[in-house]
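Engineer: Okay, predicted coordinates and the sequence, questions at the end:
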Amino acid sequence: MSPVFPTVREVLALDPVRHGVPRLVAGENGLDRPVRWVHVAEVPDIATLLGGGELVLTTGIGLPADDAGLRAFIGDLADVGVSGLLVELGRRYAGSVPRVMAAAAQRRGLPLVELRRDTPFVRITEAVHALIVDAQLTELRATEEIHQRFTDLSVEGAGPGDVVRQAAELSGCPVVLENLSRQVLAYDPAGESAELLLGGWEQHSRRIQPAGRTAYDPDSGWLVTMVGARGQDWGRLLLRWPGGELAAPPGSPPTRLTILVERAASTLALGRLIQRDAEGLERQIHRTLLTALLDHSQPVDEVALRARALGVVLERRHLVGVMIRYRADETGGEGGPEVAQSRLRDLAEAVGNALRETKLTALTSAVDEQAVGALLALTDPAAEDRALTAFAAALRRVRLDGTTAGAATGAPGAAGAVGGGPAGGTGGPGSPGAVIVAAGSGVGTLREARRSLIEARQIADAARRDRRELPVFRLPHVGLAGLLHLLRDEPRLQTFVERELGPLLAYDARHPREQLLGTLRAYLEQGRNKSAAAAAAHLSRPAFYERLARIGRILNVDLDSVPACLSLHVALLALDAVRDV
């Protein structure tokens, strides 16, 4: 975009030019060309000294006398891009300029104007240059105001709506902020109809494709700039110029508007970075304090003091450890560790939003590669079950609806919302978006909080393959499989597994095609119903019976004995816990 310059039309309206009784003889379509400078010339080869955008003044005394020379003169001026040609009559041309000159100017679209009265060229030059300087000063003042306004917004931490509103006020034009999916994040119609402005926006926006990071699309009449920082764009800011016109305007917007949209975009990007940095710092502190409680790395009194400085009061509160995790491990799964980390961040944001929605005070952050932890601080111990149920329901709504809560005391901020399956294990046990909400026993002091957090973690780990759809898992819900999972690192449990199943595991290792462990599992899971177990194992009954007999010989047990089968079933569950499958 070039600076603001007067047009040929505006120059012709100046008093010194009007004194010369101007008459346009050719090039009417070029009257809106900007005049960058005024140049007086009386030689035919002046074009080599020009750079484009000049208004050339001449009496014609040095111009060629032949038609070919005049055509070449006009052609050279048009090629170099002059804005127009003013010829004063009386010295070389008496009644009018030569017809060949007018025809050549008309053919090239070059404005050609006769001055039918003597006019000092110096007065025209002074008037035009004064107009140019005044316009540039006005542009400079407007630019300074733009800079000051948006600097103030940055200092005040204004939101996107305030930035867009300011841009519309300063420009007098409709302004829209959209994300990369062409969804409107904020807008100001500048007094026009919002319905007309935003109707069918996504389809309309996708047709606006100017070239460059900041550019004007003449077909649609929108000035567009990208919004983002650190090489990561997240939206576009669009300004329709001129305001009130749906059709594409002629020419290009003034530089002032280009500066305005770019400054507004920078303010939006800076605001988002500041918000994220602040949220990131708060999350780091939350994680530090939760980790300190889990591994005793800081004195409890110091944790309480730092938490209180964050607005999370932990003293004289009923504390409940909560762990939230996806049902299936994400590390190394589809998409790799990067996807797992992204999903964990999304889950942490959803937890923060759910805490804000339910107005619960808590320390919360990701505590490892799989889980998000929270230490709820309740004023009333009797409200424990009600608070946990409300939190799980809010987490479900946040993750289903993509709700983004505003910043609030007591939980880390969130830059966005989370999609996926609902909380509490709903959405299907195998759903990649389903999460487990597990809570430990409530405690009365911060020194006991570690026990509640560890219990919640163990319950979440034990319940992650539970097929039930419970809003919140507590210790009584995990059952025998959960208990064995909690004891999976206990050497005595591992010794029990080896004693009960070791010979069969060794046999399967030597005969990988048979895998008798699967046959035993099918038999026990079907309640020792041999026909049902054979069908589940996809074996004929004779083949299944033969395998059972072989298992009995290998383990030296009677598979018709209820106590023996009960012991083997517990060992299988323990093996699953030890293998963490």
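Structural biologist: Received it, and whenever you're ready, just let me know what you need. Numbering: from 1, shown residues only.

Engineer: all contacts plus neighbour counts: C-alpha atoms, from now on.
Structural biologist: OK.

Engineer: sec struct for R316, please.
Structural biologist: Here R316 is coil, with the state taken from DSSP: H, G, I helix; E, B strand; the rest coil.

Engineer: neighbours around S193, how many?
Structural biologist: For S193, the count of nearby residues is 13 (other C-alpha atoms under 10 Å).

Engineer: who's in contact with it?
Structural biologist: Residues near S193 by C-alpha atoms under 8 Å, 6 or more residues apart in numbering: none.

Engineer: now do V372
Structural biologist: V372 makes contact with 323-325, 344, 347-348, 351, 364-366 under the criterion C-alpha under 8 Å, 6+ apart.

Engineer: Quick check: ChimeraX command selecting the buried ones in those.
Structural biologist: Selection of the buried residues among the contacts of V372 in ChimeraX, burial being defined by 16 or more other C-alpha atoms under 10 Å:
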select :323,324,325,344,347,348,351,364,365,366
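
Engineer: Which residue in the contacts of V372 has the weakest pLDDT?
Structural biologist: Lowest pLDDT of these: L344, 83.

Engineer: Show me this structure divided up by domain.
Structural biologist: For the chain, automatic domain parsing gives the domain ranges 8-131, 157-274, 299-479, 491-579.

Engineer: Mind checking the ones you listed for the one nearest to E282?
Structural biologist: Judged by C-alpha to C-alpha, the one of those that comes nearest to E282 is domain 299-479, at 6.0 Å.

Engineer: mind listing what's buried in the helix or strand encompassing F544?
Structural biologist: Taking DSSP states H and E as the criterion, F544 maps to helix 541-555. With burial defined by 16+ other C-alpha under 10 Å, the residues of helix 541-555 counted as buried are 541, 544-545, 547-548, 551, 555.

Engineer: so which of the domains of the chain gets nearest L140?
Structural biologist: Nearest of the domains of the chain to L140, taken as C-alpha to C-alpha: domain 157-274 at 8.3 Å.

Engineer: about what we covered before: and the helix holding F544, what does it pack against?
Structural biologist: Identification of packing neighbours for helix 541-555 by 3 or more C-alpha pairs under 8 Å, 6 or more residues apart in numbering; DSSP states H and E yields helix 491-510, helix 516-525, helix 530-536.

Engineer: hang on, the earlier thing: now render the contacts of V372 as a markdown table, adding distance to D295 and secondary structure.
Structural biologist: Shown next, in a markdown table, are those (distance: C-alpha to C-alpha, whole Å; DSSP: H, G, I helix; E, B strand; the rest coil):
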| residue | distance to D295 | secondary structure |
| --- | --- | --- |
| M323 | 16 | strand |
| I324 | 19 | strand |
| R325 | 20 | strand |
| L344 | 21 | helix |
| L347 | 23 | helix |
| A348 | 21 | helix |
| V351 | 23 | helix |
| T364 | 16 | strand |
| S365 | 15 | strand |
| A366 | 15 | strand |
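
Engineer: thinking again about what came up before, go ahead and name everything in contact with the helix holding F544.
Structural biologist: Residues contacting helix 541-555 (C-alpha under 8 Å, 6+ apart): 500-501, 503-504, 516, 519-520, 530-531, 534, 558-559.

Engineer: switch to 7 Å and redo it
Structural biologist: 503-504, 516, 531, 534, 558-559 (C-alpha atoms under 7 Å, 6 or more residues apart in numbering).

Engineer: Also stretch 229-239?
Structural biologist: Contacts of stretch 229-239 (C-alpha under 7 Å, 6+ apart): 173-180, 222-228, 261, 265, 269.

Engineer: Any quick PyMOL command for the buried ones out of those residues?
Structural biologist: Buried residues within the contacts of stretch 229-239, by 16+ other C-alpha under 10 Å, are selected in PyMOL with:
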select buried, resi 173+174+175+176+177+178+179+222+223+224+225+226+227+228+261+265+269
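
Engineer: Show me what secondary structure element comes after the helix or strand hosting R236.
Structural biologist: Using DSSP H and E, R236 sits in strand 232-240. Next along the chain after strand 232-240, taking DSSP H and E as the criterion, comes helix 255-295.

Engineer: The spatially most central residue of the chain: what's its closest spatial neighbour, skipping adjacent residues?
Structural biologist: Residue closest to the average C-alpha location in the chain (C-alpha atoms, centre = their mean): W234, at 4.7 Å. Counting by C-alpha to C-alpha, 6 or more residues apart in numbering, W234 lies nearest to G228, which is 5.5 Å off, once chain neighbours are set aside.

Engineer: what separates that neighbour from A463, distance-wise?
Structural biologist: The gap separating G228 from A463 is 41 Å, by C-alpha to C-alpha, to the nearest Å.

Engineer: Pull the most distant pair out of the buried residues of helix 541-555.
Structural biologist: R541 and L555 (20.9 Å).

Engineer: re earlier: any idea of the mean pLDDT for the helix holding F544?
Structural biologist: Mean pLDDT, helix 541-555: 92.

Engineer: can you give me the angle the helix or strand bottoming out on mean pLDDT in the chain makes with helix 491-510?
Structural biologist: The helix or strand of the chain with the lowest confidence, counting by mean pLDDT, DSSP states H and E, is helix 479-486 at a mean of 73. If you take axes from the mean of the first three to the mean of the last three C-alpha atoms, to 10 degrees, helix 479-486 sits at 90 degrees to helix 491-510.
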